[in-house]
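**Student:** Generate a structure from the sequence data that follows.
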Amino acid sequence: MKPSVPRLSIRILPTVAASVAALSLTGCGRQAPAPVEAPGPASVASDLHGAVHLPPGIEWFPGDVDAAFASARSTGKPLFLYWGAEWCPPCAQIKSTIFNQRKFQERSRLFVPVYLDGDTPGAQRHGERFGVVGYPTMILFRADGQEIMRLPGGVDITRYSTVLDTALDASRPILETLRAAGSGMKMEPADWKLLAYQSWSTDNGRLVPDADRVEVFGSLDRHCPQELTAECSRIFFEYLRAMAAASKDGGSPLEPKQREQAGARLMSLLASPEAIRANVENLIYAPANVVGLLSDPGSQERAQLVLGWRSALDSLARGGEGFKLSGPEQINIYRSRVALQRLEVPDAPLPPALLEEARQTVARVTAAAPGEYARHAAVNAAGNLYFEAGLDDEADSLLVAEIEKSKSPYYFMVELADLAKKAGREADALRWLERAYADAKGPATRFQWGYNYLAGLLEMTPEDTARIERVGLEVLGELADTPDAFYQRTRVRLEQLSTKLLEWSLGHQDRAAVVAKLRDRTAGTCSGLPAGDEGRASCEAFLRPAAPTTAGA
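**Tutor:** Alright, predicted model coming up:
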């Protein structure tokens, strides 16, 4: 039986009908994507050939994003936008489990495929435009530019192909489908599939603002036809995760009766092979949030949920006909097992048998990883597993060995810095951060890794004003020759850096002087940006303290 959820209206911000010139989205990211009517002015070409390594077997569009949309309109084909980065482990997993498969490559002829790497010219501005932040994000647009859906990454190629086929056949964009579900209109099974497999983790509040997630997913869960086991189970998990997030933020938890009903329903799903296979990413990443929401420490309910979850993980690990976990997923099952063990017995050491199984799985998967992408994703999963399991020395050894083999070694250096800091070796942590910044490639990536290094200095050696000034000037210099530097991921990092530097300088005259120099350095860059440009506004806001609010304002 489903938990009792009141009938709720779905509040969604309307689509903005605007030209390409007005498509840059605000920082809140709650607007729905607007149709692309015509190529915009001053569009920055993002021809990727020779700039990044494109996955073979797919005829990626060779020109810029606006030209791709123009091609989609002229041919009547949908447009598939991939947003990622060369160093990103989940992106590597997509390349090694989706893009390299014949099923996807054959379907790619049905749409205009666009590969947008976060370090290519104009990429961060386009990221702002489409409301994409996390790598990877995959969006399917209609030929007229309206968004059909954001495709999930944590599913096997067979299920991915089915979802992609459903999206390609969709008669309306995801916004209209969501509105129809909320208003009680007739819904086809395909509509529920799109809503269930929409990548809500990369929605960034555009369709469903964070404050509305409990209401929206509760309503969808209530109306989802129970015979659609896979689809309804995914929507149910979204509802539980939204409720868990709201509870952590001080929101209202489930009522006792709702909690009991939700726990019973979850137990039934954990025993359903169809629901289990439809929720690989939920079973791997959500145990602490969901089990924590539905049970109390030491309770019989918690013991039952942990047992049921473990059984579901066992079912996933066994695989079956037409179903096989990727290498990183096989490793990440043990992250879930570690989380469950600590939920049930928080302070006890992890069982030696569990740790040994984890080590054997890591060894088997990393040794058999087919190619650089698969190995990059697998080693990242292994490092995270070892870190969370308290196997820090093994994580360190694994990652040190990998930086000699990886094409993106700077990614693992940040993880090595985390390990050194955890062990109290702050000098080693800063050396790793410095080396990672030195080795990083690409404008957005270099600024992000520079931010990591500078943030580490502010935290671990706040008294070293000379070094902080030198590194700060160098990191800010990364932005000087990049017109779209003050958008999306880079903008977010710049805002975070501004907060950290202002807090660091409070009450210290010498530090305030450093901040003044950094502010002046950025001002020179800002003055070179067009007046009225949103990026210029973000640039000029750097290191400017927020204006005090007046009482009653």
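
**Student:** mind checking how far Leu419 is from Arg277?
**Tutor:** Here the criterion is C-beta to C-beta, to the nearest Å. By it, Leu419 lies 34 Å from Arg277. Yep, even glycine has a C-beta here, placed from its N, CA and C like the rest.

**Student:** pLDDT below threshold where in this structure?
**Tutor:** Along the chain, segments meeting pLDDT under 70 span 1-52, 251-252, 546-553.

**Student:** Would you map the strands across it?
**Tutor:** Here the chain has its strands, by DSSP state E, at 79-84, 112-117, 137-141, 147-151.

**Student:** what comes up buried for stretch 410-427?
**Tutor:** Within stretch 410-427, the residues that qualify as buried are Tyr410, Tyr411, Phe412, Met413, Val414, Glu415, Leu416, Ala417, Asp418, Leu419, Ala420, Lys421, counting by 16 or more other C-beta atoms under 10 Å.

**Student:** Name the nearest residue to the last one, ignoring sequence neighbours.
**Tutor:** Right, the one you point to is Lys421. If you skip the residues right next to it in sequence, Lys421 has Ala429 as its closest partner in space, 4.1 Å away by C-beta to C-beta, 6 or more residues apart in numbering.

**Student:** between the strands of the chain, which gets nearest to Ala312?
**Tutor:** strand 147-151 (24.0 Å; C-beta to C-beta).

**Student:** Can you list the strands that that closest one pairs with?
**Tutor:** strand 137-141 (antiparallel) (DSSP bridges).

**Student:** CA atoms only for the strand it pairs with, dumped as PDB, please.
**Tutor:** Only the C-alpha atoms of strand 137-141 are listed here, as PDB (Å, rounded to 0.1, in the frame of the first residue of the first chain):
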ATOM      1  CA  THR A 137      24.300  16.000 -18.100                       C
ATOM      2  CA  MET A 138      22.500  14.600 -21.100                       C
ATOM      3  CA  ILE A 139      19.500  16.400 -22.600                       C
ATOM      4  CA  LEU A 140      17.200  15.600 -25.500                       C
ATOM      5  CA  PHE A 141      15.600  18.500 -27.200                       C
END
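
**Student:** Give me the contact list for it.
**Tutor:** 33, 36, 69, 72, 78-84, 94, 111, 130, 132, 147-151, 153, 164, 167-168, 199, 202 (C-beta atoms under 8 Å, 6 or more residues apart in numbering).

**Student:** and what of stretch 221-230?
**Tutor:** Outside stretch 221-230, the residues within contact range by C-beta under 8 Å, 6+ apart are 2, 5, 7, 181, 184, 187, 189, 192-193, 196, 231-232, 235-236, 238-239, 272, 274-275, 277-278.

**Student:** Which of the residues you listed are buried, as a ChimeraX select command?
**Tutor:** Those of those that count as buried under 16+ other C-beta under 10 Å are selected in ChimeraX with:
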select :2,5,181,187,192,193,196,231,232,235,236,238,239,272,275,277,278
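
**Student:** which stretches of the stretch 201-350 of the chain form helices?
**Tutor:** 213-223, 229-248, 256-270, 273-278, 280-285, 287-294, 300-318, 327-344 (DSSP state H, counting those that start in this stretch).

**Student:** Let me see the domain layout of the protein.
**Tutor:** 35-182+195-202, 442-540 (automatic domain parsing).

**Student:** and among those, the most buried is which?
**Tutor:** domain 35-182+195-202 (a mean of 20; mean count of other C-beta atoms under 10 Å).

**Student:** what's the spacing between the residue nearest to the spatial centre of the chain and Thr120?
**Tutor:** Taking C-alpha atoms, centre = their mean, the centroid of the chain lies closest to Gly134, which sits 3.8 Å from it. To Thr120, Gly134 is 17 Å away according to C-beta to C-beta.
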